[in-house]
Each structure stands twice: as C-alpha cells, then as structure tokens.
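[1] I'd like to go over a predicted model; first the sequence, then the structure.
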Amino acid sequence: MEGAIAQAVTGYEAEATGNIIDGIVINQSDCSGGKYVALNGLGNILQFNNIYAPSTGIYNIAIYYYSLNDSNGYISVNGETGTEINFRGIGNWDEQGVKYTTVFLQEGNNSIRFYNDFAYMPHFDRLCIVGEGYLLNNPGLEESNGINPYSWSIGNDHSKRSTFQWESGSGINSSKCISIIATAPTDAYWMQTVRLEPKKTTYLKDI
C-alpha cells in the first residue's frame, strides 16, 4: 500500500527545458527521460516550472531522487518562503527513492523550487503530481530501518506458527514485499498505523 490517490499521475522531468537548473544534468539510461539533475554543490537549486493545477488547492507530489545518505533542503512554491524537506538515504547511488509531500498550488502554472544554501541535496529524476487532497505519509516497502520497512510493524503471532519475511525482488517489477509464512491458521499480521488529519480529505489506494 503506497498511499497514492485515485487520480491520474502527471510527471515533470527534472532536466526539462524551461526549468531553472543550477546543478549538473547527467545522462542515465534507467532514469525517467534518460537523465537526472545532480545538486552536488552548496547553493545549487532546481526549480520545476510550468507545474499545472486545474484548480487552486492542496496537491500531493512524489519526488523521485537518488541519495546515498540522508539529506535535507527546502521546498518553495511560487516564490513563497521555503519549508524544510527531508530525504532518506537509500544506501547506494543505484536505487531510486521517492519522497511524498503536499503543496498548495494556484490554478494554472506554478513553480516548485528545491534548494539548500548550506548542504548538498539529492539527485533529482522527476516530480509527479499524484492528485488533490491529503496524502498519507507512506514510504511503502522499499525504505527501511534495516530490519523492517519504515512505518510497518509486526503483529503478535500467539500460536508461534508463522515467520515474517521482508523479501527483496519478490514484488512487482522486482521490488520488495512483505510476507507471512504460516504452518497453520494464525493471528499473525503486518500492520501500518497512519494518522488522519481532521477536516482533510484522505485517499488510500493500491498502486
């Protein structure tokens, strides 16, 4: 369960013509569009321009990136004061991470800027608008604390007849998945706790 919403996804490439890029555009065949933007210098920025919103409101975005270690920076929409955004390190430069967050967009075209004057930021592949409303902060099954996927935990198996596994390469497109292997009926379970915000529309959908 990825916490995506039930609307079409619109993607914007980091290296697209019309963006403001104070970084390095690097060719990489397995990236969306075949390129990514490296923000590996202090003060580098990447500004996505012409981000279209059909109406004014809160939108969910997914940011696809590469980062060996944890990193942080700031995100600014339409020139407003930036707010801090954090990216989890993937542990290598080959696998791609995804960061979900929400932004307030005006009807029509918008700009979304990423920057950090004092530290390096991740390499950016693309940004996707994944719908309107409030998106649950759910990193899925690819990111972990080294033992279990982030935000997932194991329910008690009182019968002790099952084992829990977090498997690499067994999910869709060779992604990770979680499983329960039981030798008899059991009350074992994986669970995820999410926080719902009052007066916000929340969507949850398998992808």
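    Cool, got the structure.

[2] and residue 168, how many neighbours?
    Residue 168: 10 surrounding residues under other CB atoms under 10 Å. No exception for glycine: its C-beta is placed from N, CA and C like everyone else's.

[3] Oh, that last question was meant for residue 163, not what I typed.
    Using other CB under 10 Å, residue 163 has 12 neighbouring residues.

[4] what residues are up against the nearest residue to residue 83 once chain neighbours are set aside?
    Spatial nearest neighbour of residue 83, excluding adjacent residues (CB to CB, 6 or more residues apart in numbering): residue 75 at 6.0 Å. By CB atoms under 8 Å, 6 or more residues apart in numbering, the contact list for residue 75 reads 82-83, 85, 101, 103, 112-114.

[5] Residue 75 belongs to a helix, doesn't it?
    No - assessed with DSSP: H, G, I helix; E, B strand; the rest coil, residue 75 is strand; it does not lie in a helix.

[6] circling back to that earlier point, would you write a ChimeraX line that selects the buried entries of the contacts of residue 75?
    Only the buried members of those enter the following ChimeraX selection, criterion being 16 or more other CB atoms under 10 Å:
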select :85,103,112,113,114
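
[7] Taking the contacts of residue 75 together, which two end up most distant?
    Greatest spatial distance among the contacts of residue 75 (CB to CB): 101 and 113, at 13.5 Å.

[8] Where does pLDDT dip in the chain?
    By pLDDT under 70, the weakly predicted segments of the chain are 1-9, 131-148, 150-152, 156-160, 170-175, 192-207.

[9] what sits against the residue lying closest to residue 45 once chain neighbours are set aside?
    Counting by CB to CB, 6+ apart, residue 45 lies nearest to residue 115, which is 4.1 Å off, once chain neighbours are set aside. Shown in contact with residue 115 (CB under 8 Å, 6+ apart): 43-46, 73-74, 76, 82, 121.

[10] In TSV: these, plus distance to residue 92.
    Formatted as TSV, those follow (distance: CB to CB, whole Å):
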residue	distance to residue 92
43	26
44	21
45	25
46	22
73	20
74	25
76	29
82	28
121	17
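
[11] Show the buried residues in those residues.
    44-46, 73-74, 76, 121.

[12] just the residues you listed now: which is nearest residue 108?
    Closest approach between the buried ones among the contacts of residue 115 and residue 108, by CB to CB: residue 76, at 17.6 Å.

[13] which residues touch that closest one?
    Applying CB under 8 Å, 6+ apart, we find residue 76 in contact with 82-83, 112-113, 115.

[14] with these in mind, which one is nearest to residue 66?
    residue 115 (17.5 Å).

[15] give me phi/psi at that closest one?
    Backbone torsions for residue 115, taken as degrees, to the nearest 10, come to phi -160, psi 160.

[16] From residue 161, how far out is it?
    As judged by CB to CB, to the nearest Å, residue 115 and residue 161 stand 53 Å apart.

[17] what does residue 49 give?
    Residue 49 is 56 Å from residue 161, by CB to CB.
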